[in-house]
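**Q** have a look; sequence and predicted model below, questions after that.
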Protein chains: 2
Amino acid sequence: MNDGCNEGRDEGNDVMLNEHGFSSDEQGSFGEGSVDASKIRPTMQSVAKAAGVSLKTVSRVVNNEPNVGIDTREKVSKAIEELSFRRNDLARNLRQGQISTTIGLIIEDIANPFYSNIAHGVEKVAQRYHYMVIISNSEENAQREQELSNALFRRRVAGLLIVPASHDHSYLLPEARLGTPIIFLDRPPDHLYTDTILLDNRGGARKGIEHLIAHGHRRIGVIGGDPQVYSGAERLAGYREALAAHAIPYDEALLCSNRDEPLKAQEAVYELLTLADPPTALFTTNNRISIAVIRALYSMQRQVALVGFDDFELAELLPVPITVIAHDAAALGEQAAELLFARLHGDDRLPQHLIIPTELVVRGSGELPPE
Amino acid sequence: MNDGCNEGRDEGNDVMLNEHGFSSDEQGSFGEGSVDASKIRPTMQSVAKAAGVSLKTVSRVVNNEPNVGIDTREKVSKAIEELSFRRNDLARNLRQGQISTTIGLIIEDIANPFYSNIAHGVEKVAQRYHYMVIISNSEENAQREQELSNALFRRRVAGLLIVPASHDHSYLLPEARLGTPIIFLDRPPDHLYTDTILLDNRGGARKGIEHLIAHGHRRIGVIGGDPQVYSGAERLAGYREALAAHAIPYDEALLCSNRDEPLKAQEAVYELLTLADPPTALFTTNNRISIAVIRALYSMQRQVALVGFDDFELAELLPVPITVIAHDAAALGEQAAELLFARLHGDDRLPQHLIIPTELVVRGSGELPPE
DNA sequence: TTGTACGCGTTATCAC
DNA sequence: GTGATAACGCGTACAA
């Protein structure tokens, strides 16, 4: 059969063989630099030749299809083993349905425990369905988000889980129309109607603020991030709802936004506590800000009541244990992934909107009285 | 041209169209359940037909190849836009070199900050090279590690970064021989000679223990994980080296292994502190164990000197700030990824062995005197 | 500047 | 039970 082709390859190798006709494999790692036969990736075709059967028969064995004689199967299996053949799933997917058994996950920053817990939940479910997960970080950058999702779609991911950074997701519509499930996590889509899983941001924040109010606070400072980001905005809305419900006037001077950077969050603490009429309590709208604020309070040697959104490790062991609004980020990832696989398996309900509950965890910092 | 084929497709769609000849797109999300033309993923072929040019011309435009007339390019671009065509990278990679622009990363648990920092470093470098990363969790399970790496190789990842869980990596040899770069992180391979990036486990541990010794401790308890795991074993070796260097006898009673589970780590604290001749200081061999031990000490209301391997967030804000042996996990991921891309770009040096340095961070818990 | 023929490695179809 | 052949969507080689 196609010997000419193989001979051509062998000729190319000759220059790399030593005077004994062997490749100089012993010298380097894995014989790198020399191109011996083992460098050619075995295909079903080569397995077929080795086993003396047809291509299709190998395919049958590889995919455990029926209608293969017991001895034929044996023979093929042996050849597969010897050549250490591995099916090329790129080719397989191309032929089968042009989508891969891989899903995409776009988050802000895998190093943030909130997102790494989401990723853990997603990956756990994906493993159960024998899918793999491409994880990529948008770094809170709208353009990068779009580039990443394009790169994922070019790879024909079976579905996309996304914590959006941008504010117009109509660019996803063509892919969504093609049937690719797209599920939004933590923040809803803009200009796109699709599955969404959120935290109970507003309710959680409200619970936290009402807790502070119940402990006698009426001036509660807020240190938050980008007010354009949905989750932060909702948490702020919860704050205002709580104030309104208790007839406490809303004072803009107590609101510090755009404090995602640790340094800016620290400055906010200083700004708030040096006001003429300073707050007696603080509300921080996410884990990163909470930690920065705790550091600031510590270095300023100040104790103020504090409730933070998002739980974080060791919160309960700090000198003043931190009262937080906790939630299950891993569950968020798991449920999103489950919904994605349901979609892949034919679930064609209208876009779903799920809410992950929050829980107020009372530890001490939220129960400090006003000074 | 090949109209027969396309007509076949159109016929298949007719049954889904309504009596007006339109697909019932308005009813559901994205028109799910109805298969209209937009459900057929556009190919270069379809773009070519729409633009009235040949397949190859579309290919040229898509890949920014030269030798396309300015007006032709325009025409094709318009068709691409209108059909919202996206190149199929599965097919592209199949044709080109049968490896994808995707790399694999196998770690124990993405929810552990140590690994999520590694992942962050890897992904950052990968983005620079326009690669994506499939991240999968082995859950410290040798068999799963093997399954995952097989799944990755079937997807023809361009390279593999792995924190191994198993203790025999000869199964990777065939793939390594084919030229796929395989790089071990945090733990070296067994029965395989390949690139490896480790922390200075032994040196770091030794520094930490000598620090305790310098503060007057001679009975230092160790709470560690699986002694089979390389990094833990090395850290223990560093401990013994430090003792030996200071002529302090090694007492097996002070060693608690297999305490990866928080509960077991807590038990270890109790066991050690209730010994007839208890240790005056503790050494914890990783972040998870450190935190569990701190919780145990806290609930037992005990203060003992403590040095932990791995830094962790808020360690400096605890009532007794924790002295740790710190390192840059993100750098570990970055350097591993850089090495992988160097390999992909033809770097054929012998397998490299890199060591990431550690640093003793003095905070308080390591300076407590013996009771 | 543009197009044609073929092949990448696999699966589907339909013979035998 | 087994095999020949076409096709998946794209890129390469070469012709026009």
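**A** Now that the structure is in, tell me what you want to look at.

**Q** stretch A:166-177: which residues count as buried?
**A** Neighbour counts over stretch A:166-177 (16 or more other C-beta atoms under 10 Å in any protein chain shown) mark A:Ser166, A:His169, A:Leu172, A:Leu173, A:Pro174, A:Glu175, A:Ala176, A:Arg177 as buried. The way it works is simple: take the backbone N, C-alpha and C, and place the C-beta from them, glycine included.

**Q** please read the previous query as pertaining to stretch A:72-79.
**A** Applying a neighbour-count criterion of 16+ other C-beta under 10 Å, one finds A:Thr72, A:Arg73, A:Lys75, A:Val76, A:Ala79 buried in stretch A:72-79.

**Q** do that stretch and DNA strand C meet at all?
**A** No - under the criterion of C-beta under 7 Å from any atom of the strand, stretch A:72-79 makes no contact with DNA strand C; the nearest approach is 12.1 Å.

**Q** which residues are contacting that stretch?
**A** A:Val47, A:Ala50, A:Ala51, A:Gly52, A:Val53, A:Thr57, A:Val58, A:Val61, A:Val68, A:Phe85 (C-beta atoms under 8 Å, 6 or more residues apart in numbering or on different chains).

**Q** ok, A:Ser116 touching B:Ile118?
**A** No - using C-beta atoms under 8 Å, A:Ser116 is not in contact with B:Ile118; the gap is 11.0 Å.

**Q** for the two, work out which one has more neighbours and name it.
**A** Here A:Ser116 and B:Ile118 are set side by side on neighbour count (other C-beta atoms under 10 Å in any protein chain shown), and the busier one is B:Ile118, at 30 against 27.

**Q** does the spatially closest residue to that one that is not a sequence neighbour count as helix, strand or coil?
**A** Excluding the flanking residues, the one nearest B:Ile118 by C-beta to C-beta, 6 or more residues apart in numbering or on different chains is B:Gly333, at 3.9 Å. Using DSSP: H, G, I helix; E, B strand; the rest coil, the structure places B:Gly333 in helix.

**Q** quick one: B:Gly333 from A:Asn258, how far?
**A** 30 Å (C-beta to C-beta, to the nearest Å).

**Q** the more surrounded of the two?
**A** Using other C-beta under 10 Å, the more surrounded residue of B:Gly333 and A:Asn258 is B:Gly333, with 29 against 14.

**Q** check contacts around that one.
**A** Taking C-beta under 8 Å, 6+ apart, one finds B:Asn117, B:Ile118, B:Ala119, B:His120, B:Gly121, B:Val122, B:Glu123, B:Lys124, B:Val125, B:Leu161, B:Leu185 in contact with B:Gly333.

**Q** cutoff 6 Å now
**A** By C-beta atoms under 6 Å, 6 or more residues apart in numbering or on different chains, the residues touching B:Gly333 are B:Ile118, B:Gly121, B:Val122.

**Q** ok, it to A:Glu139 distance?
**A** Taking C-beta to C-beta as the measure, B:Gly333 falls 16 Å from A:Glu139.

**Q** likewise for A:Asn67?
**A** Going from A:Asn67 to A:Glu139 by C-beta to C-beta gives 52 Å.

**Q** equivalent analysis for A:Ile289, please.
**A** Noted for A:Ile289: a distance of 18 Å to A:Glu139, by C-beta to C-beta.

**Q** neighbour count for those two, which is higher?
**A** Looking at A:Ile289 and A:Glu139 with other C-beta under 10 Å, you find the greater number of neighbours at A:Ile289, namely 29 against 15.

**Q** excluding chain neighbours, what is closest to A:Phe312?
**A** Using C-beta to C-beta, 6+ apart, the nearest residue to A:Phe312 is A:Asn287, at 4.8 Å.

**Q** burial check on the one you found, number of neighbours?
**A** 21.

**Q** that one contacts A:Leu314, doesn't it?
**A** No - if you go by C-beta atoms under 6 Å, A:Asn287 and A:Leu314 don't touch, sitting 11.7 Å apart.

**Q** close to chain B: what parts of the stretch 101-250 of chain A are there?
**A** Neighbours of chain B within the stretch 101-250 of chain A, by C-beta under 6 Å from any C-beta of the partner chain: A:110-111, A:116-117, A:119-120, A:123, A:132, A:134-135, A:137, A:153-156, A:174, A:176-178.

**Q** residue closest to the middle of chain A?
**A** Residue closest to the mean C-alpha point of chain A, counted by C-alpha atoms, centre = their mean, is A:Ala119 at 4.1 Å.

**Q** once you drop chain neighbours, what's closest to that residue?
**A** B:Ile110 (5.1 Å).

**Q** can you pull the contacts of the one you found?
**A** Counting by C-beta under 6 Å, 6+ apart, B:Ile110 has contacts A:Ser116, A:Ala119, A:His120, B:Ser116, B:Asn137.

**Q** rewinding a little: how much space between the residue nearest to the centre of chain A and A:Ala237?
**A** For A:Ala119, the distance to A:Ala237 equals 28 Å [C-beta to C-beta].

**Q** also A:Gln335?
**A** Going from A:Gln335 to A:Ala237 by C-beta to C-beta gives 23 Å.

**Q** same question for A:Val229.
**A** A:Val229 is 12 Å from A:Ala237, by C-beta to C-beta.

**Q** so the two - more neighbours on which side?
**A** For the pair A:Val229 and A:Ala237, the greater number of neighbours falls to A:Val229 (21 against 14), based on other C-beta under 10 Å.

**Q** tell me the secondary structure for the closest residue to that one other than its chain neighbours?
**A** Nearest non-adjacent residue to A:Val229, counting by C-beta to C-beta, 6+ apart: A:Arg187, 6.8 Å away. Following three-state DSSP, A:Arg187 is assigned to coil.

**Q** got the contact list for A:Arg187?
**A** A:Arg187 is in contact with A:Pro164, A:Tyr230, A:Ser231, counting by C-beta under 6 Å, 6+ apart.

**Q** narrow the residues you listed to just the buried residues.
**A** Buried members of those, scored by 16+ other C-beta under 10 Å, are A:Pro164, A:Tyr230, A:Ser231.

**Q** what is the nearest of those residues to chain B?
**A** Using C-beta to the nearest C-beta, A:Pro164 comes nearest to chain B of those, at 17.6 Å.

**Q** state the distance from the closest one to A:Ser231.
**A** 11 Å.

**Q** tell me who's in contact with the nearest residue to A:Ala315 once chain neighbours are set aside.
**A** Nearest residue to A:Ala315, sequence neighbours excluded (C-beta to C-beta, 6+ apart): A:Ile322, at 4.2 Å. Going by C-beta under 6 Å, 6+ apart, A:Ile322 touches A:Gly308, A:Ala315, A:Arg363, A:Ser365.

**Q** try 10 Å
**A** If you count contacts by C-beta atoms under 10 Å, 6 or more residues apart in numbering or on different chains, A:Ile322 has them with A:284, A:290-291, A:293-294, A:306-308, A:311-312, A:314-316, A:361, A:363-366, B:314.

**Q** quick one, phi/psi of it?
**A** Note on A:Ile322: backbone dihedrals following degrees, to the nearest 10 are phi -90, psi 130.

**Q** per-residue pLDDT of it, please?
**A** For A:Ile322, the model assigns a pLDDT of 98.

**Q** contacts only, for A:Leu90.
**A** A:100, A:155-156, B:89-95, B:98-100, B:154-156.

**Q** between these, which sits nearest B:Gln352?
**A** Relative to B:Gln352, the closest of these is B:Ile99; by C-beta to C-beta it sits at 21.4 Å.
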